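Peer 1: Model the following, please.
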Amino acid sequence: MLLPLLFLAVSVSAETKVVLLGAGNPNADPERSGPSVAVVVDAVPYIVDFGPGVVRRAAAAARKGVPGLAVENLRTAFATHLHSDHTSGLSDLFLTPAVLDRHAPLLLYGPPGIRAMAGHVRQAYREDVEIRTKGLEFGDPKAYRIEVREIQPGVIHRDERVTVRASAVKHGQWKHAYGYRFDSKDGRSVVISGDCGPSDAIVEACNGCDVLLHEVYSVAGFRKRTPQWQRYHSSFHTSSEELGRIAARARPKVLVLYHQLVWSSNEAELMKELRAVYTGRVVYGNDLDVF
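Peer 2: Numbering: from 1, shown residues only. Purely as a prediction, here's the structure:
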């Protein structure tokens with residue numbers, strides 16, 4: 001029997017920006033980096049997932065007007081689950097900010113298994129770290145550490161800007177994964193689904209939230225997939241029609257689509273499918289969108 005995946009809630013302060021660093025999926029689309037969302041609270045970033053390109057996308061966002069995403073500020077990250085398209089940027093997130101003057105460890109939250117992953121990454125770059133910290137670069141040893149927190153449902157993080165709570169969603173055969181809800185001091189709320197199938201946990205976590213970021217796939221494209229792939233996608237992901245029904249119950253002020261799987265379909269068709277069952281505001285997310 002599959003164990004449920006997890007969903008996180010994060011409280012956010014009055015000055016909050018949500019930046020879609022990567023709206024992509026496993027496909028190597030040069031216009032869409034791997035899945036990653038930044039919640040920037042009073043110029044302090046919290047990174048949700050770290051797919052390919054995460055640090056350069058953060059640098060691009062900083063250049064476009066979100067200075068809190070300057071590379072040296074990337075200190076706290078949350079993994080929704082351990083699929084490679086959501087985590088293969090871990091070495092980048094660990095090392096590049098350390099090279100570029102981050103003076104703190106990377107604080108990393110995630111499901112069971114994230115500790116082993118982080119340990120293997122650090123071991124893989126052991127010689128690099130040794131040279132950077134003890135050689136002529138005089139790197140800060142604190143910056144080349146990863147502090148890992150493997151989490152379970154409930155409150156997992158709290159500081160003066162955010163409080164983080166975990167709860168369960170479903171994502172195929174993964175035993176554990178997470179999404180996030182951000183609630184600000186002035187009441188603004190942001191929910192990030194991560195990869196998941198339809199779940200009441202999303203409805204409960206949002207419950208009228210300001211922004212709901214949710215993965216999605218096109219029904220028209222899905223119908224042209226092979227039976228084998230249909231079994232996979234229907235177990236691991238959420239269709240446009242399913243998401244429409246979820247959003248109707250969750251009542252976000254704006255629904256943002258990311259990790260879109262369209263295959264032989266297209267953006268217009270996916271949006272048409274969704275709007276057939278949901279009349280609220282919807283945005284088809286792209287890299288570096290800000291909410």
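Peer 1: ok, Val66 - how many residues close by?
Peer 2: 20 (other Cβ atoms under 10 Å). C-betas here are computed from N, CA, C, even on glycine.
Peer 1: and what of Glu160?
Peer 2: Neighbour count for Glu160, taken as other Cβ under 10 Å: 9.
Peer 1: Let me know the distance separating it from Val129.
Peer 2: 31 Å (Cβ to Cβ, to the nearest Å).
Peer 1: for Lys17, same thing?
Peer 2: Counting by Cβ to Cβ, the gap from Lys17 to Val129 is 32 Å.
Peer 1: Name the SS class of the residue lying farthest from the centre of the chain, please.
Peer 2: Going by Cα atoms, centre = their mean, the residue of the chain most distant from its centre is Leu136, 35.8 Å out. Secondary structure, DSSP: H, G, I helix; E, B strand; the rest coil: Leu136 is coil.
Peer 1: and the nearest residue to Val283 once chain neighbours are set aside, what does it touch?
Peer 2: Excluding the flanking residues, the one nearest Val283 by Cβ to Cβ, 6 or more residues apart in numbering is Val256, at 4.8 Å. Contacts for Val256 (Cβ atoms under 8 Å, 6 or more residues apart in numbering) come out as 20, 211-214, 282-283, 285, 289, 291.
Peer 1: Throw those residues into JSON lines and include distance to Val99, thanks.
Peer 2: Output for those, formatted as JSON lines (distance: Cβ to Cβ, whole Å):
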{"residue": "Leu20", "distance to Val99": "25"}
{"residue": "Val211", "distance to Val99": "32"}
{"residue": "Leu212", "distance to Val99": "35"}
{"residue": "Leu213", "distance to Val99": "30"}
{"residue": "His214", "distance to Val99": "34"}
{"residue": "Val282", "distance to Val99": "39"}
{"residue": "Val283", "distance to Val99": "34"}
{"residue": "Gly285", "distance to Val99": "30"}
{"residue": "Asp289", "distance to Val99": "28"}
{"residue": "Phe291", "distance to Val99": "30"}
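Peer 1: With secondary structure as added columns, please give those residues in JSON lines.
Peer 2: Output for the contacts of Val256, formatted as JSON lines (three-state DSSP):
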{"residue": "Leu20", "secondary structure": "strand"}
{"residue": "Val211", "secondary structure": "strand"}
{"residue": "Leu212", "secondary structure": "strand"}
{"residue": "Leu213", "secondary structure": "strand"}
{"residue": "His214", "secondary structure": "strand"}
{"residue": "Val282", "secondary structure": "strand"}
{"residue": "Val283", "secondary structure": "strand"}
{"residue": "Gly285", "secondary structure": "coil"}
{"residue": "Asp289", "secondary structure": "strand"}
{"residue": "Phe291", "secondary structure": "coil"}
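Peer 1: Run through the strands of the stretch 51-200 of the chain in chain order.
Peer 2: Under the criterion DSSP state E, counting those that start in this stretch, strands of the stretch 51-200 of the chain are mapped to 76-78, 106-110, 146-150, 154-158, 163-169, 180-183, 189-192.
Peer 1: Quick check: Arg249 vs Arg181, distance?
Peer 2: 15 Å.
Peer 1: Those two: which has the busier surroundings?
Peer 2: Remark: of Arg249 and Arg181, Arg181 carries more neighbours, 26 against 13, as counted by other Cβ under 10 Å.
Peer 1: That one and Cys206 touch, don't they?
Peer 2: Yes: taking Cβ atoms under 8 Å as the definition, Arg181 is a contact partner of Cys206 at 7.4 Å.
Peer 1: which neighbours do the two share?
Peer 2: Here Arg181 and Cys206 have 189, 191 as joint contacts, going by Cβ under 8 Å, 6+ apart.
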